[in-house]
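Peer 1: Sharing a sequence plus its predicted fold:
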Amino acid sequence: MKITTRHFLRSACATMLALSCGVSIVAAQPVVVERGVMPPPRVEVIPAPPGPGYNWVPGHWAWRGRWVWIPGHHIRGVVPPIPAEVVEVVPARPGPEFYWVKGHYVWEGGRWAWHRGVWVR
């Protein structure tokens, strides 16, 4: 018997056994559990720039083991607007003690950097 035939028969037998026992295969639907959901943005009063060529980086939330507000500030140079939020596919929850921290943009190294969502304990 060839290996491919053996694997096919083994797979077919396992499927028949599962179906005869009433076991059904269901596509897993991700359950998103957010503890410590990202708070809404804060309202900031933008002060006058310290000089010509300065632009405002808006305040934003960043995950540092908890949500931390990064206050807005002026920098010298161009500040692009925060990009549109990335739509993430939430992977299966690794265990009941895990909760989802959604992805978000953070101003790092003179640009907006995407921090993908992650399951944490």
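Peer 2: All right, it came through fine.
Peer 1: From Tyr105, how far out is Pro81?
Peer 2: Here Pro81 is placed at a distance of 10 Å from Tyr105 (C-beta to C-beta, to the nearest Å). (Each C-beta comes from the backbone N, C-alpha and C, glycine too.)
Peer 1: Which one's more surrounded, these two?
Peer 2: Set Pro81 next to Tyr105 and count neighbours by other C-beta atoms under 10 Å: Tyr105 wins out with 18 against 7.
Peer 1: What's the per-residue pLDDT of that one here?
Peer 2: Residue-level confidence at Tyr105 comes out at 95, pLDDT.
Peer 1: what do you get for the one 10 residues further on?
Peer 2: Note for His115: predicted pLDDT of 94.
Peer 1: now swap in the one 5 residues further on and tell me
Peer 2: The predicted structure scores Val120 at 91 on the pLDDT scale.
Peer 1: Could you do Gly65 as well?
Peer 2: Predicted confidence (pLDDT) at Gly65: the value is 89.
Peer 1: how many other residues sit next to it?
Peer 2: Residues near Gly65, counting by other C-beta under 10 Å: 8.
Peer 1: Just list the residues touching Trp112, thanks.
Peer 2: Residues near Trp112 by C-beta atoms under 8 Å, 6 or more residues apart in numbering: 80, 82-83, 105-106.
Peer 1: Filter those residues down to the ones in strands?
Peer 2: Mapping the contacts of Trp112 onto strands (DSSP state E) picks out 105-106.
Peer 1: Filter the contacts of Trp112 down to the buried ones, ChimeraX style.
Peer 2: Listed next is the ChimeraX selection for buried residues among those, using 16 or more other C-beta atoms under 10 Å:
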select :105,106
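Peer 1: All the strands of the chain, in order from the start?
Peer 2: Applying DSSP E to the chain gives strands spanning 54-57, 60-63, 67-70, 73-76, 99-101, 104-108, 111-115, 118-120.
Peer 1: Name every strand pairing with the first one and say which way it goes.
Peer 2: If I follow you right, that is strand 54-57. Taking DSSP bridges as the criterion, strand 54-57 pairs within the sheet with strand 73-76 (antiparallel).
Peer 1: Before I go, just wanted to say thanks for your time.
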